[in-house]
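Q: How does the following fold in three dimensions:
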Amino acid sequence: MEPSPFANHSPELDAFRSEGDLNLSPQRQAWAAEHIGPETRALLKQDAEHFLHQSLSTPCLNVLRHVEGAWIEDIEGRRYLDFHGNCIHQVGFANPKVIAAIKQQLDELCFCPRRYTCEPAIKLAEKLTDLAPGDLNRVSFSPGGTTAIGMALKYARVATGRFKFLSLWDSFHGASLDAISIGGEAAFRQGIGPLLPGCEHVPPPEPMRCPFRCGKVCNLTCADYLEYVLEKEGDIAAVVAETVRNTPFIPPPDYWKRIRAACDRYGTLLILDEIPSGLGRSGKLFAFEHYGIIPDMVVLGKGLGGGIFPLAALIVRDTLDVGGHMALGHYTHEKNPVACAAALATLEVLVEEDLPGRARELGEYALQKMRAMAQCHPLIADVRGLGLLLGIELAVTDANGQRKPAVAEAEQVMYESLKRGLNFKVTMGNVLTLTPALTITQAELDQALDILDEAIGKAEAKEPDSSSRFSDVRS
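A: Residues are numbered from 1 along each chain as shown. Presented below is the predicted three-dimensional model:
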């Protein structure tokens, strides 16, 4: 088997870069010194004086005053195409249909206390189960993806009588104690102390960092190992994983079929986290539809509230309606009518405007252009994508001829892109992660990729000339 191209790379801070770029970086300070004016600096100072400090949050990068469509705007009037958006802007920022639904609902019923229900919540539950394939016919709502993951874990324990979970290293399922226990990122786990017992981890289907040395293409040894762990443990309640890791790691076509079969063989539930990847971003409404399987539970969040209201949904098979004698959710805003109205309008926009189809079409177009860029830029080690969940992995060659993650270069590309009006995040230290609004125009997509081409050229210590352009793939 081929050696892993990144096998010899382990700088001290890299483990903390998996979920995003850090605010501890000297490049962050240099960018701020050049681009942040007095008014912004004063507000950032106030923010830092009042909020708890975290490496992925405060002290913050900038101050915003407006968002709309595929764009964000800072208080100094600079506009950026937002290819980050925390994956909440499937229908675009400030979607007028979502805002209208929220305003109308505020005038009719603004809250629904526990023990009562309301028409928007009932309609949303019905709509989600109508859209979900198979027998995914029961739902529960919560104020965010992390809490919905927590509900899924509890339902799995009650339904199976087991307490163990098996998940993937480098995964992210939220920042609460139970979610980081099944998650696999050092930025959230290290130094916290004892985590939830019974949480085992296996490697993800990501060949560039594969401990099984499968080379550039996943050979599903990771799936074999996951089944091996299920067999040896014998009492795993559920496998919990992101259908497509938001880095992105895109599993090969047969991966989830293998995992589904293994779960069935050992009496283990399959819980898929589609908080960032669902609701059309992958090119289908549910990302698992690409793999020809149906999980026992799926979790949606982030964009479900239209990029305005925090709302998540746990959708499960009929047979998992097992908590009638318990309180496994019990959230104050479980059936918030305004949040549910926002979600109903969001689903209406997704379906009526066929945004999953649009993501599929524009995603393939973007991949063509990214592949052309890779032919011109030695810094690009890999390009990948599923719908409008896209990634460009950067690598450099060391003195021994080994490819290793281009961590400093990736951060430079990010800040060079910000200078030119493009916002995105870097994950795993060297992957440019690109998640635009599904409403983005092709012209806006071209503009963003042109910026990336220039920024990567700058990081390679050369300004791109006509030979490094890729206009030949424009339609």
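
Q: I'd like to know which helix or strand in the protein has the lowest mean pLDDT.
A: The helix or strand of the chain with the poorest confidence is helix 186-189; it has a mean of 88 (mean pLDDT, DSSP states H and E).

Q: C-alpha coordinates for it, CSV please?
A: The C-alpha trace of helix 186-189 is given here as CSV (Å, rounded to 0.1, in the frame of the first residue of the first chain):
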residue,chain,number,x,y,z
ALA,A,186,-8.9,17.7,20.0
ALA,A,187,-10.0,21.4,20.0
PHE,A,188,-13.1,20.4,21.9
ARG,A,189,-12.0,17.3,23.9
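
Q: Can you spell out which helices and strands pack onto it?
A: Contacting helix 186-189 under the criterion 3 or more C-beta pairs under 8 Å, 6 or more residues apart in numbering; DSSP states H and E are the following elements: helix 177-182. No exception for glycine: its C-beta is placed from N, CA and C like everyone else's.

Q: what's the helix it packs on in contact with?
A: 146, 149-150, 153, 165, 167, 171, 173-174, 188-189, 192, 195-196, 199, 240 (C-beta atoms under 8 Å, 6 or more residues apart in numbering).

Q: and if we set it to 10 Å?
A: 145-150, 152-154, 165-168, 171-174, 187-190, 192-201, 238-241, 271, 273 (C-beta atoms under 10 Å, 6 or more residues apart in numbering).

Q: Tell me the buried residues within these.
A: Among the contacts of helix 177-182, the ones that count as buried by 16 or more other C-beta atoms under 10 Å are 145-150, 152-154, 165-168, 171-174, 187-188, 198-201, 238-241, 271, 273.

Q: Of these, which belong to helices?
A: Judged by DSSP state H, the buried ones among the contacts of helix 177-182 include 145, 146, 147, 148, 149, 150, 152, 153, 154, 187, 188 as members of helices.

Q: Nearest residue to the third one in space, ignoring adjacent ones along the chain?
A: Nearest non-adjacent residue to residue 147, counting by C-beta to C-beta, 6 or more residues apart in numbering: residue 331, 6.3 Å away.

Q: got it, and the first one?
A: Nearest-residue entry for residue 145: residue 301, 3.1 Å, with adjacent residues in sequence omitted and distances by C-beta to C-beta, 6+ apart.

Q: Just give me the neighbour total for that neighbour.
A: Residues contacting residue 301 under the criterion other C-beta atoms under 10 Å number 28.

Q: list the contacts for it?
A: So residue 301 contacts 87-88, 142-149, 174, 273-276, 278-279, 310-314 (C-beta under 10 Å, 6+ apart).

Q: Now with 7 Å, please.
A: Listed by C-beta atoms under 7 Å, 6 or more residues apart in numbering, the contact set of residue 301 reads 144, 145, 148, 275, 312.

Q: Quick check: the farthest pair among those?
A: Greatest spacing in these, by C-beta to C-beta: 144 and 275 (8.8 Å).

Q: any residues in contact with both of those two?
A: 301, 312.

Q: Touching, residue 85 and residue 433? I think so.
A: No - with contact defined as C-beta atoms under 7 Å, residue 85 does not count as touching residue 433 (11.0 Å).

Q: elements contacting the longest strand seen in the chain?
A: The longest strand of the chain (DSSP state E) is strand 389-397. Strand 389-397 is packed against helix 355-376, strand 380-386, strand 403-405, helix 407-420, strand 431-434, with contacts defined by 3 or more C-beta pairs under 7 Å, 6 or more residues apart in numbering; DSSP states H and E.
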